[in-house]
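Chemist: okay, sequence plus prediction incoming.
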Amino acid sequence: MRIAAKPALGIMILCLSASVCPGQSDAGSAPPSTKRPAAKASRARKPTTLNADDGLSVIAAALDPKVRRYAGHDCSHLVHAIYDHAGFPYTYASSSDIYEGVAGFQRIYHPQTGDLVVWPGHVGIVVQPSRHVFFSFKTAGPGIDDYEAPYWVGRGQARFYRYLKTGPCSGCAFVSKSLPHPAKLTPPDRRP
């Protein structure tokens, strides 16, 4: 008899709590239990940005001669190939589009190593922000320069962007299916 009374008592308490709870009887508001997971889900989806170690990975990829050789002969393709090789893929965008802002990057005002420095018509990767050094494709090929040098200041106000990470490898499945890895590309001088 005692065993049967415990389940019945539990069911009765559940029924009473359901009828007394104002959140469940009000059809205009969702129960508190459904609001909490939604808030947790939105926090879980909040993207994070590259950290200092990630920035060093971007610079390491920039130093790889294979990446530079297969990146084409302009700044936006070079930067795209470097980020992809470093494990931070994004949908290709021209430097002018990046300057205006593209998905996958957040505008920032204090750059760190690995961030993008962008002008209308040119993009590079910040190497050493304390000395304003960046890496990009220049007239003579890939190289470094000072983004506060008179030439770059004359191009207008530089903008800085930081890559947004939304998961362990944001967009990797899309990129790996649509583009071959730079190391697997045929060099330009050997294409049919």
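Modeler: On my side now, so go ahead. Residues are numbered from 1 along each chain as shown.

Chemist: now do the strands in this structure.
Modeler: Taking DSSP state E as the criterion, the chain carries its strands at 48-49, 105-108, 116-119, 122-128, 133-138, 141-146, 159-165.

Chemist: can you list the ones you listed in TSV and add mean pLDDT?
Modeler: What follows is the strands of the chain, written out as TSV (pLDDT from 0 to 100):
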stretch	mean pLDDT
strand 48-49	92
strand 105-108	96
strand 116-119	98
strand 122-128	97
strand 133-138	94
strand 141-146	92
strand 159-165	96
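
Chemist: can I get these in CSV with mean neighbour count and distance to Ser95?
Modeler: Glycine gets a C-beta too; all of them are placed from N, C-alpha and C. Output for the strands of the chain, formatted as CSV (neighbours: other Cβ atoms under 10 Å; distance: least, Cβ to Cβ, whole Å):
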stretch, mean neighbour count, distance to Ser95
strand 48-49, 15, 20
strand 105-108, 15, 12
strand 116-119, 25, 6
strand 122-128, 24, 4
strand 133-138, 21, 9
strand 141-146, 15, 15
strand 159-165, 20, 11
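
Chemist: in JSON lines, list those strands along with distance to Ala71.
Modeler: Shown next, in JSON lines, are those (distance: least, Cβ to Cβ, whole Å):
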{"stretch": "strand 48-49", "distance to Ala71": "24"}
{"stretch": "strand 105-108", "distance to Ala71": "18"}
{"stretch": "strand 116-119", "distance to Ala71": "15"}
{"stretch": "strand 122-128", "distance to Ala71": "12"}
{"stretch": "strand 133-138", "distance to Ala71": "8"}
{"stretch": "strand 141-146", "distance to Ala71": "8"}
{"stretch": "strand 159-165", "distance to Ala71": "17"}
